[in-house]
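**Q** A structural model of the following input is requested.
(chains A, B and C)
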Amino acid sequence: MSRCTNAACPAQVYERVRHFASRGAMDIEGLGDVMAQQLTERGLVAEIADIYRLDEAALAQIPRTGKKSIESLLRNIAASKGRGLARLLYGLGIRFVGTQTAQILATDFGTIEAIADADNAQLQRSEGIGPEVAGSVVLFFKQPANREMIARLQRAGVQMTAPKRAARAGGRLEGETFVLTGTLPTLTRDEATELILAAGGKVTSSVSKKTDYVVAGDEPGSKLTKAERLGISILDEAALRRLVKA
DNA sequence: GAGCCTCGAGATCT
DNA sequence: CTCGAGGCTC
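**A** Residues are numbered from 1 along each chain as shown, chains lettered A, B, ... in the order given. The predicted model follows:
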């Protein structure tokens, strides 16, 4: 696979902005595919940090964007500053760093500076980080343009810290691995994940012998079948809540 | 090397 | 959600 290396090319800027604002990353509602396209095409956003410089006058240039949408978007942009290090890291779009890896790095290192200054060997001490991923992270933070972008985000007030792992250790679900499938009655996937993480548990995406519990909701997928075959404990939402509180 | 797991893309649904 | 590719662990 080939990768375009011109960071300034419009298609690259658009992709970065779109990914940064996406649900798993900074979750900026109102800044989806279409808005990202408009902002980058019009030169209102030439790099990620420009998102935080947008104001009413700039947004008013965009067709079909009235006072209400503008107010709401600006509010959502402001709210995104507090999403925390894990989401921010994922949002930066570092190769091989998805939500899981970003989460691990965030809780292991605690601040963006610690990650940016870590060398290959230090990064590899984290679970799931091998030579390839570590190399990719080092490469990203070696680029002066990336360090500058981060500095600009920081100046804009974007928070770049995370509670360290220690703060969460000793939870009731310490050492337990969970997999979610189907739709839960009252919790979203993110909320269920957060509940488990907060109790010291771990959430992965595929069922294996190492899975301790499968949390199944309505219309579960093949993960439930696999869990039954492997004899893994199945929980519904109520049982998960009980386990967390137990 | 085997098995596990994440990433990332594409399909499905709301 | 599923699934393949490929990185990581043991």
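**Q** Residues of chain A that sit close to DNA strand B?
**A** Residues of chain A found near DNA strand B (CB under 7 Å from any atom of the strand) are A:95-102, A:128, A:177, A:204-211. (Each C-beta comes from the backbone N, C-alpha and C, glycine too.)
**Q** Which of those residues fall in strands?
**A** Under the assignment DSSP state E, those contribute A:177, A:204 to strands.
**Q** Need the distance between the two termini of stretch A:115-129.
**A** Chord length of stretch A:115-129, first to last residue, is 13 Å (CA to CA, to the nearest Å).
**Q** All the helices of chain A, residue numbers only.
**A** Along chain A, the stretches classed as helices by DSSP state H are A:10-21, A:33-41, A:56-59, A:67-80, A:85-91, A:99-109, A:112-117, A:120-123, A:131-142, A:144-155, A:165-168, A:189-198, A:222-230, A:237-245.
**Q** now, of these, which is deepest in the fold?
**A** Among the helices of chain A, the stretch with the highest mean neighbour count (mean count of other CB atoms under 10 Å) is helix A:85-91, at a mean of 24.
**Q** Columns distance to residue A:48 on top of the helices of chain A, output as a markdown table?
**A** What follows is these, written out as a markdown table (distance: least, CB to CB, whole Å):
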| stretch | distance to residue A:48 |
| --- | --- |
| helix A:10-21 | 5 |
| helix A:33-41 | 11 |
| helix A:56-59 | 16 |
| helix A:67-80 | 11 |
| helix A:85-91 | 8 |
| helix A:99-109 | 15 |
| helix A:112-117 | 14 |
| helix A:120-123 | 23 |
| helix A:131-142 | 13 |
| helix A:144-155 | 6 |
| helix A:165-168 | 27 |
| helix A:189-198 | 22 |
| helix A:222-230 | 35 |
| helix A:237-245 | 36 |
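**Q** Could you dump those helices into TSV with mean pLDDT and distance to residue A:3 added?
**A** As requested, the helices of chain A are exported to TSV (pLDDT from 0 to 100; distance: least, CB to CB, whole Å):
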stretch	mean pLDDT	distance to residue A:3
helix A:10-21	91	10
helix A:33-41	92	19
helix A:56-59	96	31
helix A:67-80	95	27
helix A:85-91	95	19
helix A:99-109	92	19
helix A:112-117	96	22
helix A:120-123	95	21
helix A:131-142	96	12
helix A:144-155	96	15
helix A:165-168	58	32
helix A:189-198	85	30
helix A:222-230	85	33
helix A:237-245	90	40
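**Q** Tell me which of those helices lies nearest to residue A:215.
**A** helix A:237-245 (5.2 Å; CB to CB).
**Q** Got phi/psi on the closest residue to DNA strand B within chain A?
**A** Using CB to the nearest atom of the strand, the single residue of chain A nearest to DNA strand B is residue A:98, 2.4 Å away. Per-residue torsions, residue A:98: phi -100, psi -160 (degrees, to the nearest 10).
**Q** Identify the residue spatially nearest to it, adjacent ones excluded.
**A** Spatially, and ignoring its direct neighbours in sequence, residue A:98 is nearest to residue A:90 (6.6 Å; CB to CB, 6 or more residues apart in numbering).
**Q** Could you tell me which residues make contact with the one you found?
**A** A:24, A:25, A:97, A:98, A:99, A:102 (CB atoms under 8 Å, 6 or more residues apart in numbering).
**Q** which one among these gets closest to residue A:12?
**A** Ranked by distance to residue A:12 (CB to CB), those are led by residue A:25 at 16.3 Å.
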